[in-house]
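> whatever this is, show me its structure:
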Amino acid sequence: MLFFDPIYLIIMVVGMVLSGGAALLVRTQFARGRRVPLANGMSGRDIAAAILRDADIVDVSIVEHQGMLSDHYNPATKTLALSAEVYHGTDAAAAGVAAHEVGHAVQHARGYAPLWMRSLLVPVANIGSMLGPYVIIAGIFMGAAKQATHGIHGAGYWVAVGGVALFAMAALFTLVTVPVEFDASSRARERLSALGLIRPGAETAAVRGVLTAAGLTYVAAAANSLMLLAYWAWQAGLLGGRRN
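Now for the predicted structure:
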């Protein structure tokens with residue numbers, strides 16, 4: 001009956017509102033940015049190539065990728081995958097997204113510590129997000145909350161602790177992602193301006209809007225993960241309270 005807990009439902013609704021609102025903001029800002037053409041006529045691919053050359057990065061390939069806003073950088077293959085709208089786009093939105101993904105390539109080349117930490121967390125975060133809640137529930141049914149309340153740390157308590165630890169890895173991944181994404185956006189804005197790839201005024205404002213909106217999606221994800229982590233820890237009695 002845990003999933004029918006009003007508190008759990010409230011957390012899920014708040015999480016969906018945050019995520020949905022952030023996603024809507026991204027699409028709105030991206031649509032606005034597409035209406036701001038670049039005076040230099042460069043495409044997203046051209047922008048990405050120019051910043052890579054400036055950073056002396058010659059081993060990253062730029063490819064077109066299917067799916068709207070599916071842009072990403074793959075450090076394993078050193079591939080910059082840009083969606084069709086960004087790859088061919090000659091607008092501020094395409095410039096901002098392309099430069100942001102190059103920002104990740106620069107992070108990778110420069111050994112940016114949070115990026116490496118995020119990469120290391122990927123396997124355990126995937127396991128934690130999938131299995132963590134079920135391990136916690138198993139511990140709860142084994143009496144974890146009662147054991148925590150009475151200070152008798154039996155098997156149920158330690159099972160729940162293990163589940164919380166697993167889910168904490170998933171939450172940590174979302175937290176580490178926030179500075180990684182904002183740093184990539186900061187690098188993008190700085191290089192776009194320094195290289196004269198965007199002009200002050202409408203182009204710069206549109207790029208800032210797109211990148212800020214994109215960053216907020218990761219803030220929303222981190223907030224949702226932390227709320228769920230606190231909820232599961234409380235359910236298991238690890239935060240001092242006992243749940244019936």
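> just the helices in the chain please.
Counting by DSSP state H, one finds helices in the chain at the ranges 6-34, 44-54, 84-87, 92-110, 113-141, 144-150, 155-194, 202-235.
> most packed of these?
Highest mean neighbour count among the helices of the chain (mean count of other Cβ atoms under 10 Å): helix 92-110, with a mean of 25. Every residue, glycine included, has its C-beta placed from N, CA and C.
> that older thread, for residue 73, find the nearest of the helices of the chain.
Put simply, out of the helices of the chain the one that sits nearest residue 73 is helix 92-110, at 3.9 Å, with distance taken as Cβ to Cβ.
> now the closest one against helix 202-235, angle please.
60 degrees (axes from the mean of the first three to the mean of the last three Cα atoms, to 10 degrees).
> centre-most residue in this structure?
residue 218 (4.0 Å; Cα atoms, centre = their mean).
> that one contacts residue 174, doesn't it?
Yes: the pair residue 218 and residue 174 qualifies as a contact (Cβ atoms under 8 Å) at a distance of 7.2 Å.
> please enumerate the shared neighbours of those two.
Among the neighbours of residue 218, none is also in contact with residue 174 (Cβ atoms under 8 Å, 6 or more residues apart in numbering).
> stretch 112-120: how far from the chain's middle?
Distance of stretch 112-120 from the chain centroid (Cα atoms, centre = their mean, to the nearest Å) equals 13 Å.
> next, the closest residue in space to residue 38 that isn't next to it in sequence: phi, psi?
If the residues on either side of it in the chain are set aside, residue 38 comes closest to residue 90, at 5.5 Å by Cβ to Cβ, 6 or more residues apart in numbering. Dihedral angles phi and psi of residue 90 (degrees, to the nearest 10) take the values phi -120, psi 40.
> quick check: residue 90 vs residue 54, distance?
Counting by Cβ to Cβ, to the nearest Å, the gap between residue 90 and residue 54 amounts to 19 Å.
> correct me, but residue 169 touches residue 121?
Yes: under the criterion of Cβ under 8 Å, residue 169 makes contact with residue 121 at 6.4 Å.
> what is the neighbour count of residue 200?
Applying other Cβ atoms under 10 Å, we find 8 other residues in the vicinity of residue 200.
> list the contacts for it?
residue 193.
> give me the pLDDT value at it.
Here the pLDDT value assigned to residue 200 is 95.
> residue 239 is in contact with residue 231, isn't it?
No: at 9.6 Å, residue 239 and residue 231 do not qualify as touching, with contact defined as Cβ under 8 Å.
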